[in-house]
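Student: below: sequence and its predicted model.
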Amino acid sequence: MERDNHQVGETEGVKICDPPCESNPPADTLATSLSLLGNHMFPDPVERNYRSTVKEEPEDSLSDITAEEESLDGDPHPHQVTKLETEETESSGCQNNVSTQQLDIENEDAATDNDRSDSGEFVVTMLAKAKLEEQGIGVKGRSSPLLEAETQEPPAFMSHRDEDVTADSWRQHRKHVFVLSEAGKPIYSRYGSEEALSSTMGVMMALVSFVQSGDNIIRSIYSDGHTVVFLQKGPLVLVCVSSSRQTEQQLRGELLYVYYQIISMLTQASISRIFEHKKNYDLRRLLAGSEKILDGLLNLVDSDPSFLLAAVHCLPIASSLRDALSQILQKAITPNLVFSILIANNQLLTIVQEKTVIEDSRLEPADVHLLLNLIGASSAFQAGEIWTPICLPLFNPDCYFYAYISYLDPPECTVCLLLLSTDKEAFYAVAECKRKIEEAMMAQNSLSLIAKVQSYSVSQVGVSDLRHFMYKPFDVPDNYRQLTQFTSPEMEAPYSSEEEKMRLLDLYRYMHSRIHSSSRPLKLIYHVAERETLLAWVTSKFELYTCFSPLVTKACAITAITKLLRWIKKEEDRLFIRNPPKYSTTPNPSKSSRGGKSDQQDSTDNGFLSLL
Amino acid sequence: MPEVSKMKKPDVKLVLLGDMNVGKTSLLHRYTERKFKDTISTVGGAFFLKQWGPYNISIWDTAGREQFHGLGSMYCRGAAAVILTYDVTNWQSLAELEERFLSLTDTANHNCIYALVGNKADLTDPKAQLPQDSDPSKDQTECGVERTDTQVLSACPTPPASPASLSGITLQKQVTPEDAMALYGRILRYKGLDEKSSLPAEKMCFETSAKTGYNVDDLFEALFDLVLPSILRNRNESQQSPTVDLEECRGAGNKRAKSGCC
Ligand SMILES: Nc1nc2c(ncn2[C@@H]2O[C@H](COP(=O)(O)OP(=O)(O)OP(=O)(O)O)[C@@H](O)[C@H]2O)c(=O)[nH]1
Ligand SMILES: [Mg+2]
């Protein structure tokens, strides 16, 4: 299970090249670390010649075929990173740039170089032959076969799903995501209808299977300004075509979220069984109506750093209030109830868990993200009480929980109660728990207290040059069982517009990719960008990303971070769920969602297999 | 804080079934909130408790998506009335009722009543385009079941002299009331019920518009009236055994429900 996917990426790579040790100081005090940086620091704006480097490549190239394990540098954008971090020099960068095609293929049986370039050439021809460019696989430069698209007249504004996939505007989306079945059947496209894209998807599948036939796995294609990332999971193939500057690792992590969201609706077991029965089944039959959930997920992935950090953001509230709420949840239980979660404005207030359940495993942030997205996208402003099956893919990809979802403050519908049971029939019992919770909250006036809760402003930290930060602690009590969390203030001016927010997030994504680079991880990066200065720092106790005004000095940054860490320490009871309480109900073993394989049959499908 | 705290025990259960996008959620919104608003495709099922006079009626608005197919029979368990909904502009939505949804009702009460509802009538029938809600004096014919019968089902395009007829573009009607009534007959046969002793098709087939409110109150109120006997029986039973719950009280009596009005 790739639980830590977006952090560590897949398993490969990490060990390939040890970073030069100077770039990885023990970094326990920031001052020492920063002084170690010394004159290696280059106050160099990032926003330069990212494109131009690539443009030097010969025409018709997809640049460089490399097997990822063997790639000495391992960095897909060598030209992009020079000088940004403290220590490295990118001498190897040119290596990657010289050859003409770049296709990352995971080499499963050590194919020879020849083999690989053959498949690479084939792929290129395939792409050209299939006139992929006419469908415009999201690329808009000139120098690759992908890119010879002629520009069609842009259509009037339409919903994403009705978009004309031959239009230029369609191609210009920053990030396309496609999901298809192994038989090449379209399942989902972020923009444009799947039907219109079926030939494009067919080509994608042809690519995947061709490379597969040589016992290889296609992982990515790089072209001028675009990255195409492939992820195959069981019978599903996911493809991302991105012009964002995210790394392959990050993009693959995002595809994995998409996969897991699909699993959360159908379960892995059902999907494999469906395709075992019928190779060319049209999965859209089962996902019809769920497109909004996937659309919503992709928007969140782009705009919410929770996904990047693989951590959950909880609403800051006085620990006394949080404890009181937790106790209310803890008291309202019924057999087979396993998680009680209280959410306000799509952020966690508190989460209470069944004891025995968390003994086996903890709740993964990704599962919480998927859950929150699903609730947000499918229950928003619903007056009724919802009862629906849902799978937590990282918890157990093969079976369902039954989720009770109800808003406690109609008609505003900002405070949402989520109760997860393993018993399909438990609706009335679980609804009764809600009544108890509602009653107790009424008695304690909790709703009006919750209504006052807000995100905090960075100004509360009291450091003038600090504009924003994200802090993810590792040293929470009982850590190995706890939900990974992070805290972050509201994004305020100058990051109030959507564009500026996105720009800051992109900078964070960049910093994150350097910190988590599989080939050359860094512990500390001081990065002077054009309009701000960022500092990212990872220790055994936390991971921290900070954003300062551009004029901050190194010394200022040091003091600022010391202050910030002190402030967080002081506020941690408010910022994080520190001691999530537990309860024990009497689980019905035959229905346990976590139990042995045999007793899960009931929950592995919703009966839709009978419809095949 | 509306309807809080003390659990109101539902007296009876109604279930909305039908393909996705036919307008089940919209119908319920229209009835409970008196408006037509944007909806999101339902996940699983949504439970509503509707106070009707002294009675608490629980209504399950289920998801029409195939993804949730297997849950249907759970939502139907012990139901006293099932509203089988289709879209008058979509033949397939009627066909799906027979192919996919009818078997889900096997878990309903033995004396469960079935209504066939063709929604989105505003798209095909000018008279369904009239805004209904603004007019509270709709009870010229009392609970309205009667009113629906001939007029609606005949669906003759007699455009009323109203500005509303200008508003809608009428779509091709794909399902006629006769189609629905024929299906009603097949449902009775599937259930092994005698047509003569059951509620007549004309009474149990409706055409509605959640958008304009056309026939919506009539539909729900007619059904509430019809399930009244079930309600009374449930109340009786729960007096005898106070812990009884909805799930358990199916199939007790066998007397056909009869209309509470008219
Ligand atoms: N013109 C018209 N449109 C309607 C009517 N009722 C519903 N709609 C539209 O039909 C679409 C689907 O309505 P929903 O109420 O969500 O359908 P549903 O049956 O609940 O669908 P699922 O929850 O997916 O099973 C929405 O876009 C509604 O606006 C109606 O009476 N007339
Ligand atoms: Mg609905």
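Tutor: Cool, the structure landed. Numbers count the residues shown, from 1 in each chain, chains lettered A, B, ... in the order given. Ligands and ions are numbered 1, 2, ... in the order given.
Student: separation between the residue lying closest to residue A:551 once chain neighbours are set aside and residue A:560?
Tutor: Closest residue to residue A:551 apart from its sequence neighbours, by CB to CB, 6 or more residues apart in numbering or on different chains: residue A:465 at 7.5 Å. In this view, the C-beta of every residue, glycine as well, is placed from N, C-alpha and C. According to CB to CB, to the nearest Å, residue A:465 and residue A:560 sit 6 Å apart.
Student: who has more neighbours out of these two?
Tutor: Between residue A:465 and residue A:560, counted using other CB atoms under 10 Å in any protein chain shown, the more crowded position is residue A:560 (22 against 18).
Student: continuing past the helix or strand where that one lies, what's the next helix or strand?
Tutor: In this assignment (DSSP states H and E), residue A:560 forms part of helix A:554-575. Heading C-terminal from helix A:554-575, the first helix or strand you meet, by DSSP H and E, is strand A:582-583.
Student: helices and strands around that next one, which ones?
Tutor: Under the contact criterion of 3 or more CB pairs under 8 Å, 6 or more residues apart in numbering or on different chains; DSSP states H and E, strand A:582-583 touches strand A:347-354, helix A:355-360.
Student: where does the closest residue to residue B:36 other than its chain neighbours land in three-state SS?
Tutor: Closest residue in space to residue B:36, ignoring its immediate chain neighbours: residue B:211 at 5.0 Å, by CB to CB, 6+ apart. Counting by DSSP: H, G, I helix; E, B strand; the rest coil, the backbone at residue B:211 sits in coil.
Student: up against chain B, what does the stretch 201-350 of chain A have?
Tutor: A:265, A:266, A:285, A:286, A:287, A:288, A:289, A:290, A:292 (CB under 8 Å from any CB of the partner chain).
Student: and the lowest mean pLDDT element among the helices and strands of chain A?
Tutor: One helix or strand of chain A scores below all others by mean pLDDT, DSSP states H and E: helix A:50-55, with a mean of 30.
Student: show me the shaky parts of the chain.
Tutor: No chain specified, so I'll use chain A. For chain A, the stretches with pLDDT under 70 are A:1-159, A:358-361, A:380-381, A:477-481, A:586-612.
Student: not quite, I wanted chain B
Tutor: In chain B, residues with pLDDT under 70: B:1-8, B:132-170, B:240-262.
Student: in it, which residue is most central in space?
Tutor: Geometric centre of chain B, nearest residue: residue B:83, 3.5 Å, by CA atoms, centre = their mean.
Student: who's in contact with it?
Tutor: Taking CB atoms under 8 Å, 6 or more residues apart in numbering or on different chains, we find residue B:83 in contact with B:14, B:15, B:16, B:17, B:18, B:24, B:115, B:117, B:219, B:223.
Student: interface residues of the stretch 151-300 of chain A facing ligand 1?
Tutor: Residues of the stretch 151-300 of chain A lying near ligand 1 by CB under 6 Å from any ligand atom: residue A:289.
Student: burial of the closest residue to ligand 2 within the stretch 151-300 of chain A, as a residue count?
Tutor: Nearest residue of the stretch 151-300 of chain A to ligand 2 (CB to the ion) works out as residue A:289 at 9.0 Å. Around residue A:289 there are 22 other residues, counting by other CB under 10 Å.
Student: my read: it touches residue B:20, true?
Tutor: Yes. Checked against CB atoms under 8 Å, the pair residue A:289 and residue B:20 is within contact range at 5.3 Å.
Student: can you list residues touching both of these two?
Tutor: B:41, B:63, B:64, B:65.
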